[in-house]
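Novice: kindly generate the corresponding structure for this input.
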Amino acid sequence: MLCSDLLADFSDVIEHGFGNRNDFDLLVSDKNTVIMKQVHGNDINIIKSNFDVKECDSLVTQVKNIKLCVKTADCIPILLYDSRKKVVAAVHCGRAGLEKHILTKTISAMEEEYNTDSDDIIAVLGPAVSEKHYSVDKKTFNRFVECTEVKQTGCKINLKAAAEYELLQNGISKKNIDDIEICTFEDIKFNSYRRDKTDQRQISFIALKNNG
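Specialist: Sure, this is the predicted structure:
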(Lines give C-alpha, C1' and ligand atoms only; values in the text may rest on other atoms or scores of the structure.)
Protein backbone atom coordinates (compact mmCIF):
# COMPACT_ATOMS: atom_id res chain seq x y z
CA MET A 1 0.00 0.00 0.00
CA LEU A 2 1.07 3.56 -0.69
CA CYS A 3 1.49 6.02 2.16
CA SER A 4 1.59 9.80 2.43
CA ASP A 5 4.71 11.46 3.79
CA LEU A 6 2.54 13.98 5.65
CA LEU A 7 0.51 11.30 7.43
CA ALA A 8 3.62 9.21 8.03
CA ASP A 9 4.77 11.92 10.44
CA PHE A 10 1.91 10.76 12.71
CA SER A 11 2.54 7.02 12.41
CA ASP A 12 2.62 6.65 16.19
CA VAL A 13 -1.03 7.74 16.30
CA ILE A 14 -2.61 6.69 12.99
CA GLU A 15 -2.22 4.11 10.26
CA HIS A 16 -3.28 4.60 6.68
CA GLY A 17 -2.81 3.29 3.17
CA PHE A 18 -3.86 3.71 -0.46
CA GLY A 19 -4.35 0.29 -1.98
CA ASN A 20 -4.13 -0.99 -5.54
CA ARG A 21 -6.11 -3.76 -7.22
CA ASN A 22 -4.28 -6.43 -5.17
CA ASP A 23 -4.99 -5.06 -1.69
CA PHE A 24 -8.80 -5.20 -1.57
CA ASP A 25 -9.31 -8.62 0.04
CA LEU A 26 -6.74 -7.91 2.76
CA LEU A 27 -8.76 -5.03 4.18
CA VAL A 28 -12.22 -6.46 3.58
CA SER A 29 -11.36 -9.47 5.73
CA ASP A 30 -10.34 -7.26 8.69
CA LYS A 31 -13.08 -7.34 11.36
CA ASN A 32 -12.37 -3.73 12.32
CA THR A 33 -12.93 -2.43 8.81
CA VAL A 34 -15.84 -0.10 8.02
CA ILE A 35 -16.69 0.17 4.33
CA MET A 36 -19.13 2.72 2.98
CA LYS A 37 -22.18 1.95 0.87
CA GLN A 38 -21.14 4.64 -1.59
CA VAL A 39 -23.78 6.40 -3.68
CA HIS A 40 -22.00 9.42 -5.20
CA GLY A 41 -23.78 11.75 -2.78
CA ASN A 42 -22.68 14.00 0.07
CA ASP A 43 -24.01 12.28 3.19
CA ILE A 44 -21.66 11.85 6.15
CA ASN A 45 -21.66 8.94 8.59
CA ILE A 46 -20.07 9.56 11.98
CA ILE A 47 -18.94 6.23 13.43
CA LYS A 48 -19.19 6.00 17.22
CA SER A 49 -19.98 2.73 18.96
CA ASN A 50 -21.18 0.52 16.11
CA PHE A 51 -20.37 -0.34 12.52
CA ASP A 52 -23.86 0.21 11.11
CA VAL A 53 -22.95 2.09 7.94
CA LYS A 54 -25.79 3.63 5.98
CA GLU A 55 -25.51 4.91 2.43
CA CYS A 56 -22.93 7.68 2.47
CA ASP A 57 -19.75 8.92 0.83
CA SER A 58 -17.81 10.05 3.88
CA LEU A 59 -16.92 8.40 7.19
CA VAL A 60 -15.69 10.26 10.28
CA THR A 61 -14.63 8.92 13.67
CA GLN A 62 -12.67 9.53 16.86
CA VAL A 63 -12.93 5.88 17.88
CA LYS A 64 -9.64 4.01 17.92
CA ASN A 65 -8.85 0.83 15.99
CA ILE A 66 -11.57 1.33 13.35
CA LYS A 67 -10.38 1.36 9.75
CA LEU A 68 -12.45 3.81 7.74
CA CYS A 69 -12.37 2.65 4.12
CA VAL A 70 -13.19 4.17 0.76
CA LYS A 71 -13.49 2.25 -2.52
CA THR A 72 -12.46 3.87 -5.80
CA ALA A 73 -11.71 3.14 -9.44
CA ASP A 74 -11.01 6.67 -10.76
CA CYS A 75 -12.64 8.87 -8.10
CA ILE A 76 -10.31 10.35 -5.48
CA PRO A 77 -9.95 8.61 -2.12
CA ILE A 78 -9.30 11.46 0.32
CA LEU A 79 -8.07 10.85 3.87
CA LEU A 80 -8.32 13.56 6.53
CA TYR A 81 -6.67 13.73 9.94
CA ASP A 82 -7.20 16.30 12.70
CA SER A 83 -3.84 16.15 14.46
CA ARG A 84 -5.04 18.03 17.55
CA LYS A 85 -8.44 16.45 18.29
CA LYS A 86 -7.40 13.04 16.89
CA VAL A 87 -10.22 12.66 14.37
CA VAL A 88 -9.98 10.79 11.06
CA ALA A 89 -12.14 10.77 7.94
CA ALA A 90 -12.28 8.86 4.65
CA VAL A 91 -14.04 10.53 1.72
CA HIS A 92 -15.21 9.17 -1.63
CA CYS A 93 -14.64 12.19 -3.85
CA GLY A 94 -15.68 11.99 -7.50
CA ARG A 95 -17.31 14.38 -9.92
CA ALA A 96 -20.75 14.13 -8.32
CA GLY A 97 -19.38 14.46 -4.79
CA LEU A 98 -17.39 17.54 -5.70
CA GLU A 99 -20.46 19.10 -7.30
CA LYS A 100 -22.30 18.46 -4.01
CA HIS A 101 -19.39 19.79 -1.89
CA ILE A 102 -18.70 16.53 -0.08
CA LEU A 103 -15.44 17.88 1.38
CA THR A 104 -17.09 20.97 2.81
CA LYS A 105 -19.75 18.82 4.43
CA THR A 106 -17.16 16.45 5.88
CA ILE A 107 -15.08 19.25 7.37
CA SER A 108 -18.23 20.88 8.77
CA ALA A 109 -19.20 17.58 10.39
CA MET A 110 -15.76 17.33 11.99
CA GLU A 111 -16.07 20.88 13.28
CA GLU A 112 -19.58 20.38 14.66
CA GLU A 113 -19.05 16.94 16.21
CA TYR A 114 -15.46 17.22 17.46
CA ASN A 115 -14.68 20.95 17.43
CA THR A 116 -12.05 20.44 14.75
CA ASP A 117 -10.09 23.48 13.59
CA SER A 118 -9.24 23.42 9.87
CA ASP A 119 -5.71 24.59 10.71
CA ASP A 120 -5.12 21.16 12.28
CA ILE A 121 -6.35 19.06 9.34
CA ILE A 122 -3.98 17.04 7.16
CA ALA A 123 -5.56 16.10 3.81
CA VAL A 124 -4.23 13.51 1.38
CA LEU A 125 -5.53 12.90 -2.14
CA GLY A 126 -4.98 9.34 -3.31
CA PRO A 127 -4.60 7.85 -6.81
CA ALA A 128 -7.33 8.95 -9.24
CA VAL A 129 -7.97 9.49 -12.92
CA SER A 130 -6.04 12.43 -14.35
CA GLU A 131 -7.48 15.31 -16.33
CA LYS A 132 -5.89 13.91 -19.51
CA HIS A 133 -8.19 10.86 -19.34
CA TYR A 134 -11.40 12.45 -18.05
CA SER A 135 -13.24 13.83 -21.07
CA VAL A 136 -16.95 14.60 -20.68
CA ASP A 137 -19.72 16.14 -22.76
CA LYS A 138 -20.15 19.90 -22.74
CA LYS A 139 -23.24 19.88 -20.49
CA THR A 140 -21.49 17.76 -17.84
CA PHE A 141 -18.37 19.90 -18.12
CA ASN A 142 -20.26 23.19 -17.69
CA ARG A 143 -22.21 21.87 -14.68
CA PHE A 144 -19.01 20.76 -12.97
CA VAL A 145 -17.30 24.11 -13.53
CA GLU A 146 -20.36 26.00 -12.31
CA CYS A 147 -20.71 23.89 -9.15
CA THR A 148 -17.03 23.80 -8.19
CA GLU A 149 -16.05 27.30 -9.39
CA VAL A 150 -12.78 25.90 -10.67
CA LYS A 151 -11.62 26.78 -14.18
CA GLN A 152 -11.25 23.76 -16.47
CA THR A 153 -10.39 23.50 -20.16
CA GLY A 154 -11.29 21.47 -23.21
CA CYS A 155 -14.19 19.53 -21.69
CA LYS A 156 -11.72 17.63 -19.52
CA ILE A 157 -12.25 17.46 -15.75
CA ASN A 158 -9.43 17.86 -13.26
CA LEU A 159 -10.88 16.26 -10.13
CA LYS A 160 -7.82 16.94 -7.99
CA ALA A 161 -7.73 20.65 -8.84
CA ALA A 162 -11.35 20.98 -7.76
CA ALA A 163 -10.77 18.95 -4.58
CA GLU A 164 -7.72 20.97 -3.58
CA TYR A 165 -9.59 24.21 -4.21
CA GLU A 166 -12.43 23.08 -1.93
CA LEU A 167 -9.97 22.08 0.79
CA LEU A 168 -8.25 25.46 0.59
CA GLN A 169 -11.61 27.25 0.67
CA ASN A 170 -12.34 25.44 3.94
CA GLY A 171 -9.21 26.79 5.58
CA ILE A 172 -6.85 23.87 5.15
CA SER A 173 -3.31 25.08 4.60
CA LYS A 174 -1.59 24.30 1.30
CA LYS A 175 1.33 22.81 3.25
CA ASN A 176 -1.08 20.36 4.89
CA ILE A 177 -2.35 18.95 1.58
CA ASP A 178 -0.56 15.99 0.01
CA ASP A 179 -1.19 14.33 -3.34
CA ILE A 180 -0.33 10.76 -4.31
CA GLU A 181 0.35 11.64 -7.94
CA ILE A 182 -0.76 8.45 -9.68
CA CYS A 183 -3.30 8.27 -12.50
CA THR A 184 -5.49 5.19 -12.15
CA PHE A 185 -6.15 5.17 -15.90
CA GLU A 186 -2.45 5.03 -16.78
CA ASP A 187 -1.17 2.71 -14.03
CA ILE A 188 -2.38 -0.83 -14.63
CA LYS A 189 -1.79 -1.77 -10.97
CA PHE A 190 -4.98 0.20 -10.27
CA ASN A 191 -8.56 -0.46 -11.29
CA SER A 192 -9.97 2.19 -13.62
CA TYR A 193 -13.60 2.37 -14.66
CA ARG A 194 -12.87 4.77 -17.49
CA ARG A 195 -10.16 2.49 -18.88
CA ASP A 196 -11.79 -0.94 -18.44
CA LYS A 197 -15.46 -0.33 -17.48
CA THR A 198 -14.73 -2.60 -14.53
CA ASP A 199 -16.81 -3.06 -11.39
CA GLN A 200 -13.64 -3.85 -9.42
CA ARG A 201 -12.30 -1.30 -6.95
CA GLN A 202 -9.20 -0.56 -4.91
CA ILE A 203 -9.54 0.39 -1.28
CA SER A 204 -7.89 3.02 0.92
CA PHE A 205 -8.13 3.45 4.67
CA ILE A 206 -7.26 5.50 7.74
CA ALA A 207 -7.47 4.55 11.41
CA LEU A 208 -6.49 5.78 14.86
CA LYS A 209 -4.20 3.35 16.63
CA ASN A 210 -5.09 1.90 20.03
CA ASN A 211 -1.94 3.31 21.55
CA GLY A 212 -2.31 6.77 19.98
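Novice: make it CA atoms for all contacts and neighbour counts henceforth
Specialist: Noted.
Novice: in the chain, where is pLDDT below threshold?
Specialist: 26-29, 50-52, 212 (pLDDT under 70).
Novice: cutoff 80 now
Specialist: 23-31, 49-54, 211-212 (pLDDT under 80).
Novice: list the buried residues for stretch 35-47?
Specialist: I35, M36, Q38, H40, G41, N42, D43, I44, N45, I46, I47 (16 or more other CA atoms under 10 Å).
Novice: that should have said stretch 115-124, apologies.
Specialist: T116, D117, S118, D120, I121, I122, A123, V124.
Novice: quick one: which of the residues you listed sit in strands?
Specialist: Judged by DSSP state E, these include I121, I122, A123, V124 as members of strands.
Novice: for R201, state which of those is nearest.
Specialist: V124 (18.8 Å; CA to CA).
Novice: number of residues surrounding the closest residue to that closest one other than its chain neighbours?
Specialist: For V124, ignoring the flanking residues on the chain, the nearest one in space by CA to CA, 6 or more residues apart in numbering is D178 at 4.6 Å. As a burial measure, D178 scores 19 neighbours (other CA atoms under 10 Å).
Novice: and if you look at the one 4 residues further on?
Specialist: With neighbours defined by other CA under 10 Å, the count for I182 comes to 15.
Novice: contacting residues for the residue nearest to it when sequence neighbours are not counted?
Specialist: Leaving aside its chain neighbours, I182 sits nearest to P127 (4.8 Å; criterion: CA to CA, 6+ apart). By CA atoms under 8 Å, 6 or more residues apart in numbering, the contact list for P127 reads F18, D74, I76, P77, I180, E181, I182, C183, T184.
Novice: which of those residues are buried?
Specialist: By 16+ other CA under 10 Å, those give F18, D74, I76, P77, C183, T184 as buried.
Novice: which helices and strands does whichever helix in the chain runs longest pack with?
Specialist: Across the chain, the longest stretch assigned as helix under DSSP state H is helix 102-114. Helix 102-114 is packed against strand 44-47, strand 58-61, strand 87-93, helix 159-169, with contacts defined by 3 or more CA pairs under 8 Å, 6 or more residues apart in numbering; DSSP states H and E.
Novice: now secondary structure and distance to F205 too, for the buried ones among the contacts of P127, in a markdown table please.
Specialist: Shown next, in a markdown table, are the buried ones among the contacts of P127 (DSSP: H, G, I helix; E, B strand; the rest coil; distance: CA to CA, whole Å):
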| residue | secondary structure | distance to F205 |
| --- | --- | --- |
| F18 | strand | 7 |
| D74 | coil | 16 |
| I76 | strand | 12 |
| P77 | strand | 9 |
| C183 | strand | 18 |
| T184 | coil | 17 |
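Novice: between the residues you listed, which is closest to T61?
Specialist: P77 (16.5 Å).
Novice: quick one, what contacts that closest one?
Specialist: F18, V70, K71, A90, V91, H92, C93, L125, G126, P127, A128, S204.
Novice: tell me which element the third one is part of?
Specialist: By that I understand K71. strand 67-72 (DSSP states H and E).
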